[in-house]
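Participant: the sequence and its predicted three-dimensional model are supplied below.
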Amino acid sequence: MAKAVAEFGTWKSPITAKSIASGTVQLLDPMGAGGGKGEVYWVEQRPSEGGRHVVVNEAGGDCTPPGFNSRTRVHEYGGAAYTVDGGDLFFADFKTQQLLRHALAAPPGTPPVPLTLHKDASVRFADFVVDRPRGVLIGVCEDHREQSGGGGVCGPAAVKNSIVAVALDGSGSISILAEGHDFYACPRVSPDGQWLAWTSWDHPSMPWDDVELSLARLAPPSDGGGVAALGGPPCVVAGGVGESVDQPCFSPDSSAVFFLSDRTDKWNLYRVAVGEPGGGRPRPIEAVAPINAEVGGPKWQLGGSSFAFVGASILAFSYHRPGAAVNELRLVSLGESASEAALPLVGGRTLHGGTLGLPASISRLRAVGDDGLCLLGGGPADAPAVHRLDGVGDLLAGGGGTDATVLRRPFDPSTLGFDLAGYLAVPTHLEFGTTLADGTATTAYANVYTPTNADFDHPLGTKPPLLVKIHGGPTSSARTTLQLSIQFWTSRGFVVADVNYGGSTGFGRAYRNRLKGAWGVVDVNDACNVAKHLADTGAVDPRMLCIDGGSAGGYTALACLAFRDTFTAAASHYGVADLAALARDTHKFESRYLDGLVAPYPEGEATYTARSPIEHVDGIRCPILLLQGDEDAIVPPNQATAMHKAVQAKGIPTKLLMFEGEQHGFRREENIVRALEAELFFYGRCFGFQPADEIEPFTIDNLPDGRSVL
């Protein structure tokens, strides 16, 4: 059947905003529980339930009781909000931030048992592990009770973070195990119950900057239980200035702690022995399996797992080489003693993504049962799904093994009503020329998607519009797994360039540090240069160059408009417009983030002014759409309202859409739909094309009906 001919942007696509929001869930935090075969659990974020987080098991049942939301607000970004142990689900409830215990075998309607007493979200918990012998849950606590003032220090500086032990008996008893640092993460108890490891860092560092790994003995369990204490002073065993360490995990025999470190540029696996070194000597730190690839990523959310121990002696870890189409999963044997195994480990077996049913890209990796792994991953044609791989020992021994099983997909392709393959744009890796902050020539990277639609073609001689997407963070990355939110654009005739600008993760510490003191310069250079590259090579229409981004990505989009004239339209999703206002008015986790990205504040206030789009509205010449949640504690709504007022006053076409009840990012089905459709409608009005979708129209300030900017 011949394709219909229609101009780019007007193609009708079955990948609708409604199908993206209502037919999909986001899958998070898989974990295994129980011995033998074990069972896999994960979290589903459900737009159809207002963005509620629900813990689910592989048997297909919801574990989070009705009316509860398994989501923590520690660091505001959350993560690691639940664990399962001994038939019990332990989770933080979003509304109250209480820690709750729920027996999975309890009759329907049985309420969970509160383990903590505060119901006003002032005391928050995450990243916890169960210590049954001591009768406690050990995890991260974030105490906001003094934040509102009442004398002394107030604001983010008054928030106290610590490692605590919460009694399992429902008494509300909490004992502090570690305090004094600004942030804590990854408390882990050794399998023999004698040791506790954790990571910590202090302002102005972020968890990908300068982090310490500490180790301490635990005092023996008390007779009554419900209490835990350290049995001696903690010792810093790894990390420090110029090194980011993460994901400490004890070996099955409790003889060593394995962890990630970027001490040689890329996050790799290292080992440090447990026990007293004697003579005041530091414990030696050894590379486990050096590789020129990243194992792990930035700790925006608590939890995260890039390696796991399977059974008594197998180590499994996944990694991604920059520009490679697939991840690799490596299995190696530790022998009889994890602390005495000769390093670096050699041999083993490497499995490539796409073989044995493994996803092309793996973002989470946890052990399940005695001989299995659970994975979260996807590929260019598959959105991240929960997988299970059994028979790991047989695979390491050279056996054929069995294919990984998909336990849950974020959406069911069979219910779409069309063949997704006909509308699927596969990304290509682009390395393009750009410049560093000092003007030195270099290169950066992007994933580029081209217009793809089985039903439509374009008129001869026409070129497509471009949408440059800027990921958030800015310490994050653009991924290549299937994102229907990108296919939404390509199936309507847009080229999409998803940019891994300087400062992105996945390319090592040196690439990440390009953005040190240079946010608003390096990222802007890279965003503009990828657009220029695609325009100069004839891949896109230079009159229709769009850019969008969320949070930090929204800042870069606005900065590109304020300081350059490359783009012709933009959409900022809860983006930063005023850097100084953000430094003064944001949550604790990021309250000193800009010290490293821009300059210390207020000492560097002149730099903040020089790089804030709100201070340079005179440089903006093209239309801007602003989308914002009215409950955003990370980038407060006043950023969007101030930017809208300033741009509107200048006469630039603009629109502000405020979403009631949304925080940092849109989770409710109706708002996800509205945000996607509104951006398409906005570009159509600006460039004079009519989308095929039926979209609720809105008035664009300073753009009369029937007019475009072309």
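Facilitator: Noted; the coordinates are in hand. Numbers count the residues shown, from 1 in each chain.
Participant: which strands and helices lie in contact with the helix or strand bottoming out on mean pLDDT in the chain?
Facilitator: Least confident element among the helices and strands of the chain, by mean pLDDT, DSSP states H and E: helix 17-22 (a mean of 87). On a contact count with 3 or more CB pairs under 8 Å, 6 or more residues apart in numbering; DSSP states H and E, helix 17-22 meets helix 484-490, helix 669-687. Quick note: C-beta positions are derived from backbone N, CA and C, even for glycine.
Participant: what lines up beside the helix or strand following it in the sheet?
Facilitator: On the C-terminal side of helix 17-22, the closest following helix or strand by DSSP states H and E is strand 26-33. Its sheet considered, strand 26-33 pairs with strand 39-46 (antiparallel) by DSSP bridges.
Participant: tell me what angle the next helix or strand after the partner strand forms with strand 26-33.
Facilitator: Downstream of strand 39-46, the first helix or strand assigned by DSSP H and E is strand 52-57. Comparing the axes of strand 52-57 and strand 26-33 via axes from the mean of the first three to the mean of the last three CA atoms, to 10 degrees yields an angle of 40 degrees.
Participant: in this protein, which residue is closest to the centre?
Facilitator: W300 (5.8 Å; CA atoms, centre = their mean).
Participant: what score does that residue have for pLDDT?
Facilitator: Per-residue confidence (pLDDT) for W300: 95.
Participant: one more: I15?
Facilitator: We note a pLDDT of 94 for I15 in this prediction.
Participant: can you confirm it is in a strand?
Facilitator: No: using DSSP: H, G, I helix; E, B strand; the rest coil, the assignment for I15 is coil, not a strand.
Participant: any idea how far it is from I174?
Facilitator: 48 Å (CB to CB, to the nearest Å).
Participant: wait, isn't L594 in contact with L579?
Facilitator: Yes: using CB atoms under 8 Å, L594 makes contact with L579 at a distance of 6.3 Å.
Participant: between the two, what contacts are shared?
Facilitator: Shared contacts of L594 and L579 (CB atoms under 8 Å, 6 or more residues apart in numbering): Y608.
Participant: more neighbours: which of these two?
Facilitator: Neighbours per residue, other CB atoms under 10 Å: of L594 and L579, the larger number sits with L579, 29 against 23.
Participant: tell me the phi and psi of that one?
Facilitator: Phi and psi for L579, reported as degrees, to the nearest 10, are phi -60, psi -40.
Participant: next one: Y511
Facilitator: Dihedral angles (degrees, to the nearest 10) for Y511: phi -70, psi -40.
Participant: CA atoms of the least confident helix or strand of the chain as CSV?
Facilitator: Taking Å, rounded to 0.1, in the frame of the first residue of the first chain, the C-alpha atoms of helix 17-22 are listed here in CSV:
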residue,chain,number,x,y,z
ALA,A,17,-0.2,10.9,24.1
LYS,A,18,-3.2,9.0,25.6
SER,A,19,-1.7,5.6,24.7
ILE,A,20,1.6,6.6,26.2
ALA,A,21,0.1,7.8,29.5
SER,A,22,-2.8,5.3,30.0
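Participant: buried stuff in that helix?
Facilitator: Buried residues in helix 17-22, counted by 16 or more other CB atoms under 10 Å: A17, S19, I20, A21, S22.
Participant: which regions of the stretch 551-700 of the chain sit below the pLDDT cut-off?
Facilitator: Counting by pLDDT under 70, the stretch 551-700 of the chain contains no low-confidence range.
Participant: how about the strands in it?
Facilitator: Secondary structure of the stretch 551-700 of the chain by DSSP state E, counting those that start in this stretch: the strands cover 569-573, 624-629, 654-659.
Participant: and for the stretch 51-200 of the chain?
Facilitator: Going by DSSP E, counting those that start in this stretch, the stretch 51-200 of the chain shows strands at 52-57, 82-85, 88-92, 99-103, 113-114, 123-131, 136-143, 160-167, 174-179, 183-189, 195-201.
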